[in-house]
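1. 3D model of this:
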Amino acid sequence: MVPPPIRKEKAAAPLWRFIKVTVVDGKRLLSCPAPLCTTYRNMSHNATRAKEHLLECEEAHALDPTMRASVVGAAVSSVRVGAAGRAGSSGAQILPPLDPAVLDDWEQRCASLVFGSGLPFSVFHSPEWKSFFSLISGGRFSGPGDPRKVGGSRLDTASGQVAARVDAALRAADTVALTLDGAGDVNGKTTYNVMGCLPRPLLVGSSRLGAMVASAPNLLLAFRACLPSSLHHPMTDVLHEWPATEKSQRLQALGSRRLWALCTDNASVMVSMRNAAEADGLVLASYGCFAHAFNLVSKDLCARAPFSGMLKSVIASTVFFRRCVRGRAELAEDRAIQKAAGNKTSELRTFSPTRWVGQSLTLRSFIDNLPGLRRVLLFNSHKPAGIAFAVPPVVAAAGNDRAVEATARDLLPCLHLLFRMSASLEADASPLSSVLGLFSALHIILRGNIFGVLGATRSFVSDCLIVRFSSYSDPLMVLAFF
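-> Numbers count the residues shown, from 1 in each chain. Alright, predicted model coming up:
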């Protein structure tokens, strides 16, 4: 019998000194301490959201200027807050609060850097970045705000300034490739963001359909409307600079057109929209997101023997130990004992079966938990019939069959590589050079001997990659790359 580990009592987090906690019908509800704050009242018990609110709430900051520094862990000087230049034991200076207009300007400048660099709206919305900003600013500034605020009022304010810089960059470029993707907001509406790749990513524009149906014609109209006028005007000196284009209408179109390619996701309405844009002459070529091609390659790989049978066993075992109350409890107890011994293991994870590249996460967690699964199954098999929980045969086979483990370890490196490449290509800022570079690199790797344990599967995946690549590519995209 292993004695339970002795745990030291942790000190309460600093935020609980400020947040108001009320108990209603046995549930803990959290509220902002500032009487004037109306946005955070009787919210569900969530320490992370409570901390984020305390760092951003101006009413709470006015109530206690030392609150932000205390919440992020910076030492507060024992003297009055107005004595600028004094530092706590951590070396963080606690300075007087900023004027609201100055704070708004700081947040707007930070958001403008996000827009100008093509970064995600949520790049600075993390406890680590907020703590860093608060530390270097003396608890006065915690970043540009949450993603909804950055993509809403901050984007509207900066649109004129940023649009001028984007238009200047587009005018200086010989050609542009665009990506179009949708993002949902708090109201359930969809905003369609257009990204230009020069290859530096630039946010060209955003559009909403409002009450209109998200059909292909409506999407195409909104897409045209959000483009800068410079992209609609063809190059006029093509024949003078490139006389050879006079002999070929296609070459002349390549030389005169500013928009060469349009990339969207693979929803049916987006496919219809990009085909209409190409037929309309707005772009020369259109293609779907290559991340989906990687997913299809992973699907073909997972459907190949012996991986298909192994995946069914692994997924069945993972789902069973996540849903069976007693099985999940005993596995969690085993993880706690191993953690006390210095062996930390994450929980079992499942992934959407339609996203085949994500099965690498399921395989990784299954392999990590396999020793614990075997111990739980072994102890359960020695319990009396009335106490032991029932285990399906496929779950027992997945845990005890060494062939399942060996096959999972063979598939994991290749599937994990496909997952990482798919994640890279899902980014709005992925230029054409990255698309072709990743596909070329993967093709070369598969032709080599890095995944030697896969045997003949390497050539199968390589051939499958070529087929999927061809179905999503266009000859003009290769020309755009060069």
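2. send me stretch 210-218 as PDB with only the CA atoms.
-> Backbone C-alpha positions of stretch 210-218 (Å, rounded to 0.1, in the frame of the first residue of the first chain) are rendered in PDB as follows:
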ATOM      1  CA  GLY A 210     -25.200  41.300 -41.800                       C
ATOM      2  CA  ALA A 211     -28.700  40.100 -42.600                       C
ATOM      3  CA  MET A 212     -27.700  38.800 -46.100                       C
ATOM      4  CA  VAL A 213     -27.400  35.100 -46.600                       C
ATOM      5  CA  ALA A 214     -23.800  33.800 -46.700                       C
ATOM      6  CA  SER A 215     -24.100  32.700 -50.400                       C
ATOM      7  CA  ALA A 216     -21.400  32.600 -53.000                       C
ATOM      8  CA  PRO A 217     -22.600  35.700 -54.800                       C
ATOM      9  CA  ASN A 218     -23.000  37.700 -51.600                       C
END
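3. what about the helices in the stretch 1-150 of the chain?
-> For the stretch 1-150 of the chain, the helices defined by DSSP state H, counting those that start in this stretch occupy 47-56, 58-63, 67-72, 100-116, 127-136, 147-149.
4. and the ones you listed, which is most packed in?
-> Neighbour counts (mean count of other CB atoms under 10 Å) averaged over each of these peak at helix 67-72, with a mean of 24. Just so you know, the C-beta spots here come from the backbone N, C-alpha and C atoms, and that holds for glycine as well.
5. I'd say residue 71 and residue 53 touch.
-> No. Look at residue 71 against residue 53 with CB atoms under 8 Å: they stay out of range, at 10.0 Å.
6. relative to residue 286, which of the helices of the stretch 1-150 of the chain is closest?
-> Nearest to residue 286 among the helices of the stretch 1-150 of the chain is helix 100-116 (25.8 Å), distances taken as CB to CB.
7. which positions in stretch 406-415 come out as buried?
-> Using 16 or more other CB atoms under 10 Å as the test for burial, stretch 406-415 gives 407-408, 410-412, 414-415.
8. out of the helices of the stretch 1-150 of the chain, which gets nearest to residue 388?
-> helix 47-56 (37.9 Å).
9. alpha carbons of that closest one, as PDB, please.
-> Written as PDB, here are the backbone C-alpha positions of helix 47-56 (Å, rounded to 0.1, in the frame of the first residue of the first chain):
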ATOM      1  CA  ALA A  47     -10.100  32.100 -11.400                       C
ATOM      2  CA  THR A  48      -8.500  32.700 -14.800                       C
ATOM      3  CA  ARG A  49     -11.400  34.900 -16.000                       C
ATOM      4  CA  ALA A  50     -11.500  36.700 -12.600                       C
ATOM      5  CA  LYS A  51      -7.800  37.500 -12.800                       C
ATOM      6  CA  GLU A  52      -8.200  38.800 -16.400                       C
ATOM      7  CA  HIS A  53     -11.000  41.000 -15.400                       C
ATOM      8  CA  LEU A  54      -9.100  42.500 -12.400                       C
ATOM      9  CA  LEU A  55      -6.200  43.300 -14.700                       C
ATOM     10  CA  GLU A  56      -8.400  45.100 -17.200                       C
END
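10. which strands or helices does that helix pack on?
-> Contacts defined by 3 or more CB pairs under 8 Å, 6 or more residues apart in numbering; DSSP states H and E place helix 47-56 against helix 67-72, helix 127-136.
11. considering those, which stretch scores lowest in mean pLDDT?
-> Comparing mean pLDDT across those, the weakest is helix 67-72, with a mean of 76.
12. what about the helices in the stretch 151-300 of the chain?
-> 155-172, 216-226, 238-241, 249-256, 268-279, 290-302.
13. looking at those, which is buried most?
-> By mean count of other CB under 10 Å, the helices of the stretch 151-300 of the chain have helix 290-302 as the most buried, with a mean of 22.
14. who does it touch, helix- and strand-wise?
-> Applying 3+ CB pairs under 8 Å, 6+ apart, we find helix 290-302 packed against helix 307-323, helix 402-425, helix 432-447, helix 457-472.
15. residue contacts, residue 321?
-> 327-328, 331, 348, 369, 373, 376, 395 (CB atoms under 8 Å, 6 or more residues apart in numbering).
16. redo that, cut-off 6 Å
-> Contact partners of residue 321, counting by CB atoms under 6 Å, 6 or more residues apart in numbering, are 327-328, 331, 348.
17. among these, which are in helices?
-> Per DSSP state H, helices hold the following members of the contacts of residue 321: 327-328, 331.
18. any chance of those residues in JSON lines with neighbour count and distance to residue 342 as columns?
-> Below are these laid out as JSON lines (neighbours: other CB atoms under 10 Å; distance: CB to CB, whole Å):
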{"residue": "327", "neighbour count": "21", "distance to residue 342": "25"}
{"residue": "328", "neighbour count": "16", "distance to residue 342": "23"}
{"residue": "331", "neighbour count": "22", "distance to residue 342": "18"}
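19. just curious, which of those is nearest to residue 269?
-> Nearest to residue 269 among these, with distances taken as CB to CB, is residue 328, at 40.4 Å.
20. thought residue 43 was touching residue 30?
-> Yes. Between residue 43 and residue 30 there is a contact at 5.1 Å, judged by CB atoms under 6 Å.
21. higher neighbour count, those two?
-> residue 30 (21 against 15; other CB atoms under 10 Å).
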